[in-house]
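In: Return atomic coordinates for the entry below.
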Amino acid sequence: MLRGIGSAYLKKIIQIPNFINLTVEDLAKYSPEIEKALSDKKVWENCQGQVDFQLIQAEKNKARIISLLDPEYPKLLAETKDAPVILYVKGQLSKHSEKSVAIVGTRKPTSQGSEIANRITRFFVENGWSIVSGLAIGCDTRAHKTALSLGGHTVAVLAHGLDMVYPKENIPLAEEILASGGALISEYCFNQEVKNHQYVKRDQVQAGMAQGVVMIQSSLTGGSLHAPRASLSYNRWLAVPIPTKKDMQNLEDSIKANIVITDEDQSEKIKLLKCTQKQLEHIIVLKSKNDYYRMTEFSLKTKSELSNLSLKIL
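Out: Next up is the predicted model:
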């Protein structure tokens, strides 16, 4: 709640030896920002008042506030460079959070795109995976609803405080997610309204919580590209269905990013996804249902490589 202190600064603070047992006066010795806040009684009182408000709102909304130091914090997210130090959680996170996949896409999928979203979501749910998405209209809604219809676990990552649901038409869906044993999460505090830049951060959290991202459909300028870019930057996989003949014939705008990503031209992919040549190796092109297992196999392969790397370091 202090100006100038965000996740990056907090990550430095929690690295201080014996941090958990230090008083705020002790921490001020390491932090000019905290020292300055303590010197101004009004600033510090205001900060404490904001914290009290958040605690009251968490109780009122039947939510909880967790941090990187808590065992409940999603392990995959904690491993990323963009991991928020504080998370607001409503409902139940997956007990096996390592088996999570983010399914994202345009708000205006074609009918074929919606069917592909159904099939891919079904595949992961039937294999015991948690479905992560952003509660947006379109592909996100389809992924959440399909998971729920199959009795699967799903998490909605929001771009605002947990005291509201946006878009409003998905309030019933949010309630169903909670009733089914799923969760709503956000890195934004209560009473924080929607701002455009917060969608980018939300999408990074979606990618961070997952072994990989499935981008169902997207235009060349769609916000649906944020999560795929983040996934590749975390050296995780990105799966993209090849456009159907019908959608290609109709020149649908919502498949233009799919065309670029599933094409042979590597320079255009790098430009669109803002990734490196090496990261292109993490792209999985889905031509049919037979390719679905490549996603889970890639996750196992990556996990094995990381384990081997850890052993070599030890």
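In: Outside of stretch 196-209 itself, list whatever touches it.
Out: 74, 76-77, 79-80, 82-84, 97, 100, 102, 104, 132-134, 155, 157-160, 185-188, 192, 213, 223, 226-228, 230-231, 234, 236 (Cβ atoms under 8 Å, 6 or more residues apart in numbering). The way it works is simple: take the backbone N, C-alpha and C, and place the C-beta from them, glycine included.
In: out of those, which are buried?
Out: Taking 16 or more other Cβ atoms under 10 Å as the criterion, what is buried in the contacts of stretch 196-209 is 74, 76-77, 80, 82-84, 97, 100, 102, 104, 132-134, 155, 157-160, 185-188, 192, 213, 223, 226-228, 230-231, 234, 236.
In: ok so, going back, from the contacts of stretch 196-209, which land in helices?
Out: 76-77, 226-228, 230-231 (DSSP state H).
In: Would you mind putting these into JSON lines with pLDDT alongside?
Out: JSON lines is the format used below for those (pLDDT from 0 to 100):
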{"residue": "L76", "pLDDT": "97"}
{"residue": "L77", "pLDDT": "97"}
{"residue": "H226", "pLDDT": "98"}
{"residue": "A227", "pLDDT": "98"}
{"residue": "P228", "pLDDT": "98"}
{"residue": "A230", "pLDDT": "98"}
{"residue": "S231", "pLDDT": "98"}
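In: which one of the residues you listed is nearest E45?
Out: L77 (32.9 Å; Cβ to Cβ).
In: Not counting sequence-adjacent ones, nearest residue to the closest one?
Out: G208 (4.1 Å; Cβ to Cβ, 6 or more residues apart in numbering).
In: shaky segments in the protein?
Out: Low-confidence segments of the chain (pLDDT under 70): 301-314.
In: okay, now the domains of it?
Out: Under the assignment automatic domain parsing, the domains of the chain span 7-60, 77-84+86-308.
In: looking at those, which is closest to L69?
Out: Of the domains of the chain, nearest to L69 by Cβ to Cβ is domain 7-60, at 6.6 Å.
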